[in-house]
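1. Return a 3D structure for these sequence lines:
(one chain, ligands or ions: 2)
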Amino acid sequence: MVKPEGVIWIVTARCVLSCVHCYAATYLGEEELGVEEAKGIVKGFAELGATYLHLTGGDPVAVRARDYLELARFAKDLGLEVTMFTSCVRIPKEFLEEGPRVVDALYTSLDGDSRELYEAIRGSGSWSRFLDGYRRARERFSYIHVNVTVSRLNAVRVAQVIRFAIEKLEPSSISLIPAMNCGRARLSGVHVDRETFVKALRSVSEVAQELGIVVDCWCTPFAHLVGKGLRPSTCRGRWVVDLSPSAKLLLCDVTGVAVSDARAQGVEEAWRRYVSSDVVRRALSIPQACASCRYLGSCGGGCFARSFLDYGELDRGDPLCPFSAQPSSNRS
Ligand code: SF4
Ligand code: SF4
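-> Ligands and ions are numbered 1, 2, ... in the order given. Sure, this is the predicted structure:
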């Protein structure tokens, strides 16, 4: 049986913000596990061969820092690489002191280069709290990654957001991800369409070349085909599993589709069901829209979750890809 490479766990969907593009809000109704039970899940995946754990949300640092620090420490003691997400708007002192000893990298988000834009996305009063929290974290953590979610609200300024992040925040690395047609983005309609996203990618490519940096483009397997300085990333061919708060194994966390359940079935059985499930096999098959694409070898076939979210089918092709024969339907 194939081994899990890593685990991305939305340990909590709770947060102190209510960002308009948040996909994790989908999981707000799910029960979070207690620390001891969560340790059992992490141990199970480590025994199956996972080497990496990312604790995300929601904002695990803002809502349950002590518990998730304990979980991170446990994972670290098992030999896992451990990373953690926070919005930076509420970082308890204990986390600032203990986190750098336990967490290999801290991940955060920045979606605006001004108070006005940032707060239009993340809510009133959040900008100063972010800047203050980020600066305190930057002093303590040796590795901080900044991710920019590209939505309809910031797409035309996303290059300036990247520039602001690089010049003012000095992160260890930087990435972007398109807001997708799910969660609050679906309700608010701020997810991006193909044309808007490709324009945003081109503008980021220009600024990346000017600054001499590489921007990781999460969930954008065709990014390198759009411009220089953009590094694509895809989940295809990588057995990194997403977990919901109650430890359900998700097809991908933006789909909300649970394939199996580590809590109910045990980690090993849930993993066996996951890797042998029809839905995962269908998701990973090459879509018809990509079959004759000359870039298939370097792209791998686009994002199946966006196909599912926009067309209701896993294998219709990536609606954000400019090389796909499929219409961009996600504004409809
Ligand atoms: S299915 Fe799409 S959204 Fe999900 S991890 Fe893969 S590329 Fe990202
Ligand atoms: S058409 Fe498919 S394989 Fe070709 S670049 Fe787009 S997503 Fe990738």
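2. Next up, phi/psi of the residue of the chain most remote from its centre, please.
-> Most distant residue from the mean C-alpha position of the chain: Ser292, 29.1 Å away (Cα atoms, centre = their mean). Main-chain torsions, Ser292, degrees, to the nearest 10: phi -110, psi 10.
3. And the pLDDT at it?
-> pLDDT for Ser292: 91.
4. So Arg306, which state does it fall into?
-> What DSSP: H, G, I helix; E, B strand; the rest coil gives for Arg306 is helix.
5. In the stretch 51-200 of the chain, which residue sits nearest ligand 1?
-> Going by Cβ to the nearest ligand atom, ligand 1 is nearest to Met180 of the stretch 51-200 of the chain, at 6.4 Å. (C-beta placed from N, C-alpha, C; glycine too.)
6. make that the stretch 1-150 of the chain, sorry
-> Counting by Cβ to the nearest ligand atom, the stretch 1-150 of the chain gets nearest ligand 1 through Ile8, at 8.6 Å.
7. Point me to the residue of the stretch 1-150 of the chain nearest ligand 2.
-> Val150 (17.1 Å).
8. Which residue ranges of the stretch 101-250 of the chain form helices?
-> Along the stretch 101-250 of the chain, the segments classed as helices by DSSP state H, counting those that start in this stretch run 115-122, 126-140, 158-164, 183-188, 194-211.
9. circling back to that earlier point, how near is the residue of the stretch 51-200 of the chain closest to ligand 1 to Leu117?
-> 20 Å (Cβ to Cβ, to the nearest Å).
10. The two: who's more crowded?
-> Using other Cβ atoms under 10 Å, the more surrounded residue of Met180 and Leu117 is Met180, with 26 against 17.
11. Now that His54 has come up, it's in contact with Glu81, right?
-> No - in this structure His54 lies outside contact range of Glu81 using Cβ atoms under 8 Å: 9.0 Å.
12. got a pLDDT number for the residue of the stretch 1-150 of the chain closest to ligand 2?
-> In this model, Val150 is scored at 98, pLDDT.
13. do the one 4 residues further on as well
-> As predicted, Asn154 sits at a pLDDT of 97.
14. same question, Val240
-> Val240 is given a pLDDT of 96.
15. For it, which residues are in contact?
-> Pro4, Glu5, Gly6, Val7, Ile8, Tyr52 (Cβ atoms under 8 Å, 6 or more residues apart in numbering).
16. Ok, Val61 next?
-> Val61 makes contact with Tyr68, Met84, Phe85, Thr86, Ser87, Arg90, Ile91, Pro92, Phe95, Gly99, according to Cβ under 8 Å, 6+ apart.
17. picking that back up, surely the residue of the stretch 1-150 of the chain closest to ligand 2 meets Val156?
-> No - the pair Val150 / Val156 is not scored as a contact, 10.2 Å apart, by Cβ under 8 Å.
18. give the contact list for the residue in the stretch 101-250 of the chain that ligand 2 sits nearest to.
-> With Cβ to the nearest ligand atom, the shortest gap between the stretch 101-250 of the chain and ligand 2 falls at Phe222, namely 4.0 Å. Residues in contact with Phe222 (Cβ under 8 Å, 6+ apart) are Pro232, Tyr295, Cys299, Gly302, Asp318, Cys321, Pro322, Phe323.
19. same check, this time on Asn147
-> Asn147 makes contact with Tyr107, Thr108, Ser109, Leu110, Ile174, Ser175, Leu176, Ile177, Trp218 under the criterion Cβ under 8 Å, 6+ apart.
20. what pairs with the residue of the stretch 1-150 of the chain closest to ligand 1 across the strands?
-> Beta bridges link Ile8 to His54, Asp242 when assigned by DSSP bridges.
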